[in-house]
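Q: Take a look and give me a structure for this.
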Amino acid sequence: MAKFETVVRDEGVRWQIELLLDGMAVSGTGIVKKQMQIGSAVVRQGGIAGVWTDEAHRKKGYASRVMWEAVSWMAAQKYDMSILFGIADFYHRYGYAAAFAEQAMTIETKQLQTLQAVYRTRKMKASDLASIKRVYRQYHAGRCGMDARRKDWVPMWRMPRMGEGTTRRAGQVMVVSDGKDRLKGFVVFDTQAGRLVVSEVCGIDRSALVTLGFAIGRRAKREGAEQVRFCLPLDDPFLDVCVPLGYSCSASYPFTGGAMGRIISLEPLFQKMTGVFSDRVKASGLDWTGEVVLKTDIGTVGLHIGRKSVSLKYKPGRPQVYISQMALSQLVMGYRAVDDVAHDLGVSVPQRLLPVLNVLFPKGNPYMWWTDRF
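A: Numbering: from 1, shown residues only. The predicted structure follows:
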């Protein structure tokens with residue numbers, strides 16, 4: 001009789017899970033140890049990466065065993081959420097829902113060259129890393145989905161991607177600095193298929209972004225690239241710099257596949273988000289107090305809404321909102337609006353609570369730079 005066993009190895013930046021059949025690994029995945037920001041909150045996030053099954057053992061449900069084991073392992077390790085970048089029509093089976101759109105902007109190299117540099121540009125030095133993290137956090141304050149880049153953050157610009165046949169191309173990093181060599185911004189880029197591809201751009205002010213645009217245009221010309229593709233959210237401040245230059249943009253919202261996420265630990269996640277909820281309530285001027293209890297397929301959580309603060313509170317037997325974990329994860333990320341989700345099959349939201357939930361879960365534009373993906 002076949003004997004199955006699951007083993008988990010701690011490999012530093014990630015956990016490695018393998019399903020063994022009679023002692024031989026037949027399927028597995030990695031769980032990258034990450035921290036993600038949701039508004040001002042920092043949550044523990046497990047990144048599913050490199051799901052595989054040996055070719056001789058496919059279509060036997062082994063990958064499913066691995067995925068459910070990964071979800072259970074993340075819960076046991078007290079992760080709050082999980083994100084993955086996957087194929088279509090597979091990961092929704094394990095509670096993963098679309099988490100953010102794939103977005104990009106393309107501009108002609110010659111147009112970027114019309115910009116006027118304000119600061120100086122140079123290659124990144126190892127000593128720049130602390131300043132890069134500072135500029136990054138300032139630039140992305142409040143955006144959901146971004147890597148929090150705390151003390152244990154490891155730059156992935158030159159790290160190999162996980163999974164069969166996947167390789168992360170080495171990214172080049174350029175920084176802009178003022179006359180005292182104080183870092184004002186940075187850009188990560190690579191040349192691919194005859195064009196320059198920018199996978200990350202950050203600047204503390206418009207002058208920094210203009211300088212970065214000019215520097216990228218100059219580099220693209222040197223590489224013989226007629227176009228530059230910027231992989232970035234379409235509400236990024238850099239696009240304001242490019243409006244008078246002319247550009248085209250695209251956004252893809254997958255039904256399944258692509259960037260997907262799910263809640264792992266409901267109550268701990270909401271506990272970490274009480275500060276975010278409180279800030280949103282205070283900023284909105286919401287004239288409502290009371291309790292909102294949400295019942296999901298992975299548990300129930302209650303919020304006490306005060307005039308200036310939100311705290312966890314739940315009285316058994318009093319759920320008001322019925323919502324799937326998948327739909328709730330989309331609200332947490334800001335991927336969909338409450339008024340939209342409220343019409344999903346199986347979701348029940350009292351009309352009187354819609355204004356409250358709209359304040360707690362505003363629609364945004366979640367995103368994660370390609371340089372932080374796994």
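Q: So for this protein, the centremost residue is which one?
A: Gly145 (3.1 Å; CA atoms, centre = their mean).
Q: Wasn't that one part of a strand?
A: No: if the criterion is DSSP: H, G, I helix; E, B strand; the rest coil, then Gly145 is coil and not within a strand.
Q: Could I get the contacting residues of the residue nearest to it when sequence neighbours are not counted?
A: In space, and not counting its chain neighbours, Gly145 is closest to Pro366: 3.6 Å by CB to CB, 6 or more residues apart in numbering. For every residue, glycine as well, the C-beta is placed using N, CA and C. By CB atoms under 8 Å, 6 or more residues apart in numbering, Pro366 lies in contact with Ala99, Phe100, Arg143, Cys144, Gly145, Met333, Gly334, Tyr335.
Q: I'd like these as TSV, with distance to Pro355 appended.
A: Formatted as TSV, these follow (distance: CB to CB, whole Å):
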residue	distance to Pro355
Ala99	25
Phe100	25
Arg143	24
Cys144	21
Gly145	25
Met333	21
Gly334	17
Tyr335	20
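Q: of all the residues you listed, which comes closest to Leu232?
A: Arg143 (11.2 Å; CB to CB).
Q: tell me the phi and psi of that closest one?
A: Dihedral angles of Arg143 (phi, psi; degrees, to the nearest 10) stand at phi -80, psi 130.
Q: that older thread, please convert the contacts of Pro366 to a markdown table, extending it with pLDDT and distance to Val175.
A: Shown next, in a markdown table, are those (pLDDT from 0 to 100; distance: CB to CB, whole Å):
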| residue | pLDDT | distance to Val175 |
| --- | --- | --- |
| Ala99 | 97 | 30 |
| Phe100 | 96 | 27 |
| Arg143 | 95 | 21 |
| Cys144 | 97 | 26 |
| Gly145 | 98 | 24 |
| Met333 | 98 | 30 |
| Gly334 | 98 | 30 |
| Tyr335 | 98 | 32 |
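Q: Tell me the one of the residues you listed nearest Asp287?
A: Among the contacts of Pro366, and counting by CB to CB, the member closest to Asp287 is Gly334, at 23.3 Å.
Q: what's around that closest one, how many residues?
A: For Gly334, the count of nearby residues is 20 (other CB atoms under 10 Å).
Q: Run a quick check on Leu21 versus Ala2, I expect a contact.
A: Yes: contact status for Leu21 versus Ala2: in contact at 6.0 Å, counting by CB atoms under 8 Å.
Q: who has more neighbours, these two?
A: Higher neighbour count among Leu21 and Ala2: Leu21, with 16 against 5, using other CB under 10 Å.
Q: The more buried one pairs with what?
A: Listed by DSSP bridges, the beta-bridge partners for Leu21 are Phe4, Met24.
Q: same thing with Asp10?
A: Here Asp10, judged by DSSP bridges, has bridge partners Trp15.
Q: ranges for the helices of the stretch 251-374 of the chain?
A: With DSSP state H, counting those that start in this stretch, the ranges of helices along the stretch 251-374 of the chain come out as 266-272, 274-284, 325-333, 338-341, 354-360.
Q: Do I have it right that the residue nearest to the centre of the chain meets Met333?
A: Yes: Gly145 is within contact range of Met333, at 6.2 Å (criterion: CB under 8 Å).
Q: so what sits against both of these two?
A: Ile38, Ala99, Phe100, Pro366.
Q: In strands, which of those appear?
A: Ile38 (DSSP state E).
Q: got a winner among the shared contacts of Gly145 and Met333 for most neighbours?
A: Ranking the shared contacts of Gly145 and Met333 using other CB under 10 Å puts Ala99 first, with 27 neighbours.
Q: Quick check, pLDDT for the nearest residue to it once chain neighbours are set aside.
A: Nearest non-adjacent residue to Ala99, counting by CB to CB, 6+ apart: Gly261, 3.7 Å away. Note on Gly261: pLDDT of 98.
Q: try the one 4 residues further on
A: Reading off the per-residue confidence, Ser265 sits at a pLDDT of 98.
Q: number of nearby residues for the closest residue to it other than its chain neighbours?
A: Nearest residue to Ser265 in three dimensions, chain neighbours excluded: Asp80, at 5.4 Å (CB to CB, 6+ apart). For Asp80, the number of neighbouring residues by other CB under 10 Å comes to 27.
Q: Equivalent analysis for the one 5 residues further on, please.
A: One way to gauge burial is a neighbour count; for Phe85, by other CB under 10 Å, it gives 19.
Q: With the one 10 residues further on instead?
A: Gly95 is surrounded by 21 other residues when neighbours are defined as other CB under 10 Å.
Q: Can you pull out the low-pLDDT segments for this structure?
A: 158-170, 316-317 (pLDDT under 70).
Q: neighbouring contacts of the top helix by length along it?
A: Ordering each helix of the chain by length in residues (DSSP state H) puts helix 206-223 first. Outside helix 206-223, the residues that touch it by CB under 8 Å, 6+ apart are 109-113, 115-121, 174, 176, 184-187, 189, 191, 195-196, 198, 201, 203, 226-228, 237-238, 240-242.
Q: From the residues you listed, which land in helices?
A: Thr109, Lys110, Gln111, Leu112, Phe238, Asp240, Val241, Cys242.
Q: TSV for those, including neighbour count and distance to Ile17?
A: Listed next are the ones in helices among the contacts of helix 206-223 as TSV, based on neighbours: other CB atoms under 10 Å; distance: CB to CB, whole Å:
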residue	neighbour count	distance to Ile17
Thr109	21	44
Lys110	13	49
Gln111	17	47
Leu112	26	44
Phe238	23	38
Asp240	11	44
Val241	22	44
Cys242	21	43
